[in-house]
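K.L.:
Need coordinates for the below:
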Amino acid sequence: MEISNNNLYSFNIDYFSRAKAQKESQSNEQKVEPDTNAVEKNESSTKSKYEENQEKKENPTKLTSDEEAEVFKLKAIDSKIKAHEMAHKSGPAASGGASFSYTKGPDGLMYAIAGEVPVEIKTGDTPQETISNMHDVIATALAPSDPSPQDLSIASKARVIMMKAQQEFTKEIHEQITNSNEYTKNAKSEYEKNSNMQSLDKNSNIKF
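P.N.:
Got it, this is the predicted structure:
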């Protein structure tokens, strides 16, 4: 079951886009600041970037504010993906360990950006065994607190297989009951037949 970081990135992009739009809207509603303030702000911003670049040159290992923000996001993604896949791994239908795809962050460390755990969907020799197997698959697919679309798809597929197995099992039970009733009916008929024959034999031995 694979979970990608695309959804997380999309969420972050949407979030920041909304925040930016709200900020611009609020800014338009407010009065325009004097040109002197704007110049001061631009100079301050330029100075801040300049100082940041100088510090970066003097200390290459020091991260910029943008790099720190990127590392923060990567750490969150790494933690979320690993927790997600570990939940799958603990499921009863997991057929192997978790594997991850990594990317290198601005700090030089590797962070997981995608992961998967193999899950085996197999039918059993009997309907009951198939039903049990599909229960395990569904439990494994939905083990994380935030199942991915692929997880939900696997769970849905397992439910379809389980439903067919339940129908087959119900059919078998019905046939067993029918056969049992037929056997009981035949046994009763045979018993009554034998009882009648014994009664006739007794009557034939009566002497007057």
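
K.L.:
Tell me which stretches of this protein form helices.
P.N.:
Here the chain has its helices, by DSSP state H, at 6-29, 35-58, 65-89, 127-141, 149-204.

K.L.:
any idea which of those helices scores lowest on pLDDT?
P.N.:
Looking over the helices of the chain, mean pLDDT reaches its minimum on helix 6-29, with a mean of 41.

K.L.:
Isn't Ser95 up against Pro118?
P.N.:
Yes: assessed by CB atoms under 8 Å, Ser95 is found in contact with Pro118 at 4.8 Å. Heads up, the C-betas are built off the backbone N, CA and C, glycines and all.

K.L.:
between these two, who's got more neighbours?
P.N.:
Shown here are Ser95 and Pro118; by other CB atoms under 10 Å, Pro118 has more neighbours (14 against 11).

K.L.:
Give me the phi and psi for the nearest residue to that one once chain neighbours are set aside.
P.N.:
Leaving aside its chain neighbours, Pro118 sits nearest to Gly96 (4.3 Å; criterion: CB to CB, 6 or more residues apart in numbering). Dihedral pair for Gly96: phi -180, psi 180, per degrees, to the nearest 10.

K.L.:
burial measure for Gly96, as a count.
P.N.:
Gly96: 11 neighbours (other CB under 10 Å).

K.L.:
Could you shift the numbering so residue one becomes 20, and keep it that way?
P.N.:
Renumbered: residue one is now 20, and that last one reads Gly115.

K.L.:
Thr159 is in contact with that one, correct?
P.N.:
No: applying CB under 8 Å as the test, Gly115 and Thr159 come out as separate, 11.7 Å apart.

K.L.:
what's the overlap in contacts for these two?
P.N.:
Common contacts of Gly115 and Thr159, defined by CB atoms under 8 Å, 6 or more residues apart in numbering, are absent altogether.

K.L.:
and the closest residue to Ala162 other than its chain neighbours, what is it in contact with?
P.N.:
Counting by CB to CB, 6+ apart, Ala162 lies nearest to Ala106, which is 4.2 Å off, once chain neighbours are set aside. Applying CB under 8 Å, 6+ apart, one finds that Ala106 lies in contact with Ala162, Pro163, Ser164.

K.L.:
For the first one, what are phi and psi?
P.N.:
Its backbone dihedrals place Ala162 at phi -60, psi -40, with angles given as degrees, to the nearest 10.

K.L.:
and it, what pLDDT?
P.N.:
Per-residue confidence for Ala162 comes out at a pLDDT of 96.

K.L.:
That one touches Ser109, doesn't it?
P.N.:
Yes: counting by CB under 8 Å, Ala162 touches Ser109, with 6.4 Å between them.

K.L.:
The two - which one has more neighbours?
P.N.:
Using other CB under 10 Å as the criterion, Ala162 and Ser109 rank with Ala162 on top: 22 against 13.

K.L.:
Restrict stretch 177-194 to CA atoms and write it as PDB.
P.N.:
Once non-C-alpha atoms are left out, stretch 177-194 reads as follows in PDB (Å, rounded to 0.1, in the frame of the first residue of the first chain):
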ATOM      1  CA  ALA A 177     -11.500  -7.300  -0.500                       C
ATOM      2  CA  ARG A 178     -15.100  -6.600   0.400                       C
ATOM      3  CA  VAL A 179     -16.300  -7.700  -3.000                       C
ATOM      4  CA  ILE A 180     -14.400 -11.000  -2.800                       C
ATOM      5  CA  MET A 181     -15.700 -11.500   0.700                       C
ATOM      6  CA  MET A 182     -19.300 -10.900  -0.300                       C
ATOM      7  CA  LYS A 183     -19.000 -13.500  -3.100                       C
ATOM      8  CA  ALA A 184     -17.500 -16.000  -0.600                       C
ATOM      9  CA  GLN A 185     -20.400 -15.300   1.800                       C
ATOM     10  CA  GLN A 186     -22.900 -16.000  -0.900                       C
ATOM     11  CA  GLU A 187     -21.200 -19.200  -1.800                       C
ATOM     12  CA  PHE A 188     -21.100 -20.200   1.900                       C
ATOM     13  CA  THR A 189     -24.800 -19.500   2.300                       C
ATOM     14  CA  LYS A 190     -25.500 -21.600  -0.800                       C
ATOM     15  CA  GLU A 191     -23.500 -24.500   0.600                       C
ATOM     16  CA  ILE A 192     -25.400 -24.300   3.900                       C
ATOM     17  CA  HIS A 193     -28.700 -24.200   2.100                       C
ATOM     18  CA  GLU A 194     -27.700 -27.300   0.100                       C
END
